[in-house]
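Peer 1: Here's my sequence, what's the structure:
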Amino acid sequence: MENGQAQSRQDQFALDPRTARLLARAERRLGELDLLGRIWPLWPGFAQGPLLARAAILEAQYLGRKAELTPLLSLGPNPEPTRPNKDLRWAAGLLLTLRRLEEIPSASPLTPSLVTELFHNLDAPKLARSLPAKRAANLDSSPAGPVAGAAAWTLAPRWVEAGITPLMAAGLACAAWEREGPDHPHRGPAGRIFLMGVAPRLGLPAHGLAGLGQALKAAAGDQPGGLEAVLAEVRRGGSWRRWLGVFLRAVETSAAGTAEVSVKALDLVREHMSLIGAWVRAPRHPLRLLELMVSRPVVELPEVAEALEVTQRTAGLLANKLKELGLVAEVTGQRRGRRFAYEGLVATLIPPDAISI
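Peer 2: Numbering: from 1, shown residues only. Now for the predicted structure:
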């Protein structure tokens, strides 16, 4: 009986040749990212650090926020802005949500209760001091029940078990999410964030889905009414086929963009490691510092000292050595509390200005 149900579901979601080609192209791009993660030893730190921050900035910019990558990276692994910059706070909230999703073991499902909690705190009300107190209190309180569509993210891995391809399951989960609750202002960004969260549970590289908002808008540009018309079609009648074509084209674009940036970063780091090996008399610790800055491109000396298990004086000497080679820059202009940035890597990661909605 179960085999018959699985076959029926596969038949229900059979693709026409054009959509099948789109699926193959998107899967190929995602495969490039997966391969990159296998061949670059520093990939885990790079992906969990600056690449995740870049994903948050892409989403914030798409939403019309004037958020920048360097200030977000300067906040460190657990960003808590102290200055009244609501755009930076929004980006920090997105990053904190992405980090929370990444911390959950990929074998654990995105339960409706977890999705609901993250959904209602997506803009990090504890950080967003510019929010009216009443709204912040409402967002921070426990919701009465699961947000509409939350179950879609739990069901997506089950659809894969039933024989649907992972990328199709991801697209269908997005369609179910949008169909069941389109009116909340956080609906769009939350779906894109949760999609990155469910990706590892489907065997997909999450970073291939970064910047999906702008990619979806571009992919739907040739559709009558654009992206909103495609989503309206999903919401009115649950029609997913036109949406899936737009979704697959967008995934191909977003994955290609992330892969291009990542390959540039890999080439840059390899070049700089060779430079250190050729010009530094005792390269071991300078190389360790460079490796640290691949995952944390903007660091303070106490962080360096703790991570490398050296004194702060030694940390300063190491940072100055990389500065002499032109690899890092001191960005505070102070004698105390100095902060160093891996400028070449940061410049590689900074996304172009997105078109706001």
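
Peer 1: What is the burial count for L75?
Peer 2: 17 (other Cβ atoms under 10 Å). Where you see a C-beta, it was placed from the backbone N, CA and C, and this is true even at glycine.

Peer 1: no wait, A170
Peer 2: One way to gauge burial is a neighbour count; for A170, by other Cβ under 10 Å, it gives 27.

Peer 1: With the one 10 residues further on instead?
Peer 2: Using other Cβ under 10 Å, E180 has 16 other residues around it.

Peer 1: in terms of contact, does it touch A152 like I think?
Peer 2: Yes - the pair formed by E180 and A152 meets the contact definition of Cβ atoms under 8 Å, at 7.5 Å.

Peer 1: Now do I164 against F247, distance only.
Peer 2: Distance check for I164 against F247: by Cβ to Cβ, to the nearest Å, it reads 14 Å.

Peer 1: Give the residue from those two that has the larger number of neighbours.
Peer 2: Legend: neighbour count by other Cβ under 10 Å for I164 and F247, higher for F247 (28 against 21).

Peer 1: The more buried one: what's it in contact with?
Peer 2: For F247, the contact set (Cβ atoms under 8 Å, 6 or more residues apart in numbering) comprises 171, 174, 216, 219.

Peer 1: Need the residue closest to the centroid of the protein.
Peer 2: The centre of the chain sits closest to A55, judged by Cα atoms, centre = their mean, with a distance of 3.6 Å.

Peer 1: so which pair among the contacts of F247 is furthest apart in space?
Peer 2: Across the contacts of F247, no pair lies farther apart than C174 and A219, at 13.0 Å, counting by Cβ to Cβ.

Peer 1: Please identify which of these two sits among more neighbours.
Peer 2: Of the pair C174 and A219, C174 is the one with more neighbours under other Cβ under 10 Å, namely 28 against 24.

Peer 1: Tell me the spacing between that one and A278.
Peer 2: Distance of C174 to A278, computed by Cβ to Cβ: 48 Å.

Peer 1: before we move on, what about R29?
Peer 2: According to Cβ to Cβ, R29 and A278 sit 35 Å apart.

Peer 1: Can you pick out the residue with more neighbours from those two?
Peer 2: Comparing R29 with A278 by other Cβ under 10 Å, the one with more neighbours is R29, at 19 against 8.

Peer 1: ok, for that one, nearest residue in space, not its chain neighbours?
Peer 2: Sequence neighbours aside, A255 is the residue nearest to R29 in space, at 3.7 Å (criterion: Cβ to Cβ, 6 or more residues apart in numbering).

Peer 1: That neighbour against G211, yeah?
Peer 2: No - shown here, A255 and G211 do not form a contact pair, counting by Cβ under 8 Å, at 9.5 Å.

Peer 1: just so I have it, where are all the strands in this structure?
Peer 2: In order along the chain, the chain carries the following strands (DSSP state E): 298-300, 329-330, 339-341.

Peer 1: Other residues contacting the first one?
Peer 2: The list of residues contacting strand 298-300 from outside it, by Cβ under 8 Å, 6+ apart, reads 70, 73-74, 292-293, 331, 337-342, 346.

Peer 1: change it to 10 Å
Peer 2: Under the contact criterion Cβ atoms under 10 Å, 6 or more residues apart in numbering, strand 298-300 has outside partners 50, 53, 69-76, 289, 292-293, 307, 312, 315, 319, 328, 331-332, 337-343, 345-346.

Peer 1: Can I get the buried part of those as one PyMOL selection?
Peer 2: For the buried members of those, the matching PyMOL selection, counting by 16 or more other Cβ atoms under 10 Å, is:
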select buried, resi 50+53+69+70+71+72+73+74+75+289+292+293+307+315+319+328+338+339+340+341+342+343+345+346
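
Peer 1: List the ones among the contacts of strand 298-300 that fall in helices.
Peer 2: Using DSSP state H to define helices, the subset of the contacts of strand 298-300 located there is 53, 69-74, 289, 292-293, 307, 312, 315, 319, 343, 345-346.

Peer 1: follow-up on the earlier one: which residues do I164 and F247 both contact?
Peer 2: Counting by Cβ under 10 Å, 6+ apart, the contacts common to I164 and F247 are 170-172.

Peer 1: of the residues you listed, closest to T97?
Peer 2: Checking the shared contacts of I164 and F247 against T97 with Cβ to Cβ, the nearest one is A170 at 17.8 Å.

Peer 1: That closest one is in contact with P200, isn't it?
Peer 2: No - here A170 lies out of contact with P200, judged by Cβ atoms under 10 Å, at a distance of 11.1 Å.

Peer 1: Quick one: the helices in the stretch 101-250 of the chain, in order.
Peer 2: The residue ranges that make up the helices of the stretch 101-250 of the chain, judged by DSSP state H, counting those that start in this stretch, are 112-120, 133-140, 151-161, 166-180, 187-198, 212-219, 226-237, 241-279.

Peer 1: looking at those, which has the lowest confidence?
Peer 2: When those are compared on average pLDDT, helix 133-140 comes out lowest at a mean of 42.

Peer 1: who's in contact with A220?
Peer 2: The neighbourhood of A220, defined by Cβ under 10 Å, 6+ apart, consists of 226-231, 242-243, 245-247, 249-250.

Peer 1: What number of residues are in the vicinity of the nearest residue to E343 once chain neighbours are set aside?
Peer 2: In space, and not counting its chain neighbours, E343 is closest to A329: 5.0 Å by Cβ to Cβ, 6+ apart. Using other Cβ under 10 Å, A329 is surrounded by 15 other residues.
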